[in-house]
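>>> what follows is a predicted structure for the sequence shown.
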Amino acid sequence: TKALSPGPNTIVVTDGQDTRSIVVTWQTFDGGPVTEDLTLYRAASPYHITRDIIVHAGVTLTIEPGTELHFSRGSSLLVYGRLLAEGTAAQPIVFTGEDGVHWGAIAFYSTTEDNRIAHAVIEWTTEEPADLRAQGVTAYDSTLTLSDSVVRHTEGSALHLQDSNVHILRNDIYDVWGLWSGLYGDALKADGGQAVVEGNHVYDVHTTGGDGVQFTDTAVPPILRDNHIHHIDDDCVDLNHSSGTLERNVLHDCGDKGISLGHVGTTTLANNLVYRCDMGIAVKDGHQSTLANVTVADCVTGLALYQAHEWEGGGQATVV
């Protein structure tokens with residue numbers, strides 16, 4: 001007899017003079033509370049998750065490269081501790097719905113641990129049933145780095161970040177659909193907190209009023225750099241009550257504005273290309289912006305400075 005540990009186990013079997021080595025992979029996991037450090041192994045996947053995975057504070061859930069998690073409808077991954085889900089280009093980690101159903105969300109709650117998702121595919125997400133604000137990948141008052149991954153086929157926002165410190169780097173985010181008859185849902189929505197959004201490809205947002213990237217009331221001015229954002233039903237980029245820096249972004253084919261800058265804040269736009277939008281760049285309602293080496297083409301209106309709310313005044317821009 002031999003006690004099996006989670007993952008692959010090599011066992012030597014002797015039958016008379018015949019000796020052989022066999023590999024037995026043992027691990028059963030369908031979700032539930034994770035109260036001590038746990039590793040999910042590629043050799044034991046796909047895992048069929050039938051209930052919420054709840055990672056407790058002080059606990060780390062590690063997922064090996066190449067591992068697949070298939071979630072049943074309504075089940076989610078809820079992290080109060082730490083998640084390390086770092087795949088590789090050759091062996092991505094897959095978070096998907098069982099048989100293509102929409103499941104719940106990956107949500108981080110009040111965890112300032114070094115949470116990381118890299119080289120992953122996250123698809124078919126929707127709302128977390130117990131917390132309808134949690135959609136796609138959600139972070140509340142948490143720290144998260146999401147890099148080199150694909151987030152796609154979502155209902156509601158693909159990324160919802162609130163009062164969190166996040167780095168969103170080199171991801172493909174696309175095919176975002178609205179909830180409730182097509183309403184609500186941005187590719188990336190951030191309220192408060194601080195964010196670096198760099199090198200992402202964001203496209204095909206099919207929601208009424210849905211933006212490519214939206215920031216509201218950010219505590220630290222966000223940085224948007226080297227992103228390609230296009231074919232968005234509403235604005236490519238929308239900043240409200242936020243300052244920020246936008247550099248070397250390519251924004252096009254957005255139903256409303258390429259860049260919308262509203263309410264009190266200060267932004268710097270440098271070396272951005274905006275084309276085929278209804279309005280290229282809007283600066284309004286007390287916002288101040290500096291535009292340097294920005295190209296706007298094939299828009300109904302190129303640059304608009306105006307007042308949308310009577311109590312906040314117009315917008316101001318310095319154009320170089």
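Looks like it came in fine.
>>> do you know the pLDDT at Val23?
What the model reports for Val23 is a pLDDT of 78.
>>> which residues touch it?
Listed by C-beta atoms under 8 Å, 6 or more residues apart in numbering, the contact partners of Val23 are Pro8, Asn9, Thr10, Ile11. The way it works is simple: take the backbone N, C-alpha and C, and place the C-beta from them, glycine included.
>>> in the stretch 101-250 of the chain, what spans have low per-residue confidence?
Within the stretch 101-250 of the chain, the stretches falling below the threshold (pLDDT under 70) are 180-183.
>>> follow-up on the earlier one: Lys189: which of the contacts of Val23 is nearest?
Taking C-beta to C-beta as the measure, Lys189 sits nearest to Pro8 out of the contacts of Val23, at 40.8 Å.
>>> for the closest one, give me its contacts.
By C-beta under 8 Å, 6+ apart, the residues touching Pro8 are Val23, Val24, Thr25, Tyr41, Ala43.
>>> most surrounded residue in those residues?
Highest neighbour count within those: Tyr41, with 19 neighbours (other C-beta atoms under 10 Å).
>>> from Pro8, how far out is that residue?
Noted for Tyr41: a distance of 7 Å to Pro8, by C-beta to C-beta, to the nearest Å.
>>> returning to what we had before: export the contacts of Pro8 as CSV, with columns for secondary structure and distance to Pro222.
Shown next, in CSV, are the contacts of Pro8 (DSSP: H, G, I helix; E, B strand; the rest coil; distance: C-beta to C-beta, whole Å):
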residue, secondary structure, distance to Pro222
Val23, strand, 48
Val24, strand, 49
Thr25, strand, 44
Tyr41, coil, 37
Ala43, helix, 40
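>>> can I get these in JSON lines with distance to Ser142?
Formatted as JSON lines, the entries for those read as follows, by distance: C-beta to C-beta, whole Å:
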{"residue": "Val23", "distance to Ser142": "38"}
{"residue": "Val24", "distance to Ser142": "38"}
{"residue": "Thr25", "distance to Ser142": "33"}
{"residue": "Tyr41", "distance to Ser142": "26"}
{"residue": "Ala43", "distance to Ser142": "30"}
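>>> which parts of stretch 289-301 are buried?
Ser289, Leu291, Val294, Val296, Cys299 (16 or more other C-beta atoms under 10 Å).
>>> then it to CSV, C-alphas only?
Included here for stretch 289-301 are C-alpha records, laid out as CSV according to Å, rounded to 0.1, in the frame of the first residue of the first chain:
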residue,chain,number,x,y,z
SER,A,289,-6.6,68.2,-21.6
THR,A,290,-3.3,68.6,-23.4
LEU,A,291,-3.1,66.9,-26.8
ALA,A,292,0.3,66.5,-28.4
ASN,A,293,1.0,64.7,-31.7
VAL,A,294,-2.6,63.3,-31.8
THR,A,295,-4.1,62.3,-35.2
VAL,A,296,-7.9,62.3,-35.6
ALA,A,297,-9.3,61.3,-39.0
ASP,A,298,-12.6,60.3,-40.7
CYS,A,299,-14.8,61.3,-37.7
VAL,A,300,-18.0,63.4,-38.0
THR,A,301,-16.5,65.8,-35.4
